[in-house]
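Chemist: missing the sequence, but the structure's below:
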């Protein structure tokens, strides 16, 4: 049970159980414009980051909320990674925070000096209190919430302003790392 970097997401919404809003698609594409089962991959060399940081790498984020959010996030063309974090019983918070800080450094290194680091609070992310989680808990559509985070919003207030101040949020700048999704397995959002 280790922290795991997900390399790709699948255009496959086949939830084995309903999400918190009773949404339970089966064999449905997330994006109907793309072939069912096709993949979107992170542009970051996650195998190299994982080796340096001492974490695992996976090609399967599952087919539940994690995969769904990651697939939507990868649509924006901004370097992105989804990180699965094990429950505290398997990896204590202090170890998670230390590892995520190390991963963060290697991700910024992998993307280059122009990277925009929005991991302002790694401990909050490790506790499942990230901006994305908060937005979804407030009833914001997961794809719109993921967009706000990928656009650089580091607080719920900034995300709400972006999402509701303009009819269409502006696209995130190219060439900048804008998002790292961290999901705790024990919060029922994993795989």
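Modeler: Yep, that arrived. For clarity, every value in this text was computed on a predicted model and none was experimentally measured.

Chemist: residue 3 contacts residue 85, correct?
Modeler: Yes: under the criterion of C-beta atoms under 8 Å, residue 3 lies in contact with residue 85, with a separation of 5.6 Å. Where you see a C-beta, it was placed from the backbone N, CA and C, and this is true even at glycine.

Chemist: name the helices or strands packed onto the helix or strand hosting residue 96?
Modeler: When elements are defined using DSSP states H and E, residue 96 is found to belong to helix 93-111. For helix 93-111, the elements it packs on are helix 46-53, strand 80-85, helix 122-126, strand 179-184, judged by 3 or more C-beta pairs under 8 Å, 6 or more residues apart in numbering; DSSP states H and E.

Chemist: these: lowest mean pLDDT?
Modeler: Per-stretch averages of pLDDT across the helices and strands packed on helix 93-111 put helix 122-126 at the bottom, with a mean of 39.

Chemist: list the buried ones in the helix or strand following it?
Modeler: Counting by DSSP H and E, the element after helix 122-126 in chain order, helix or strand, is helix 131-137. Under the neighbour-count criterion of 16 or more other C-beta atoms under 10 Å, helix 131-137 has 131-136 buried.

Chemist: next one: stretch 94-112
Modeler: By neighbour count on 16+ other C-beta under 10 Å, the buried set for stretch 94-112 is 96-97, 99-100, 102-104, 106-108, 110-111.

Chemist: give the rounded mean pLDDT of that stretch.
Modeler: 85.

Chemist: off-centre distance for it?
Modeler: The gap between the average C-alpha position of stretch 94-112 and the chain average comes to 15 Å, counting by C-alpha atoms, centre = their mean, to the nearest Å.

Chemist: same question for stretch 65-78.
Modeler: Distance of stretch 65-78 from the chain centroid (C-alpha atoms, centre = their mean) equals 7 Å.

Chemist: before we move on, what about stretch 55-63?
Modeler: 12 Å.

Chemist: now it: mean pLDDT?
Modeler: Per-residue pLDDT over stretch 55-63 has a mean of 88.

Chemist: start and end of that stretch, how far apart?
Modeler: End-to-end distance of stretch 55-63 (C-alpha to C-alpha, to the nearest Å): 22 Å.

Chemist: report the buried residues of it.
Modeler: Of the residues in stretch 55-63, those scored as buried under the neighbour-count criterion (16+ other C-beta under 10 Å) are 55, 57-58, 61-63.

Chemist: residue 9: which of these is nearest?
Modeler: residue 61 (5.5 Å; C-beta to C-beta).
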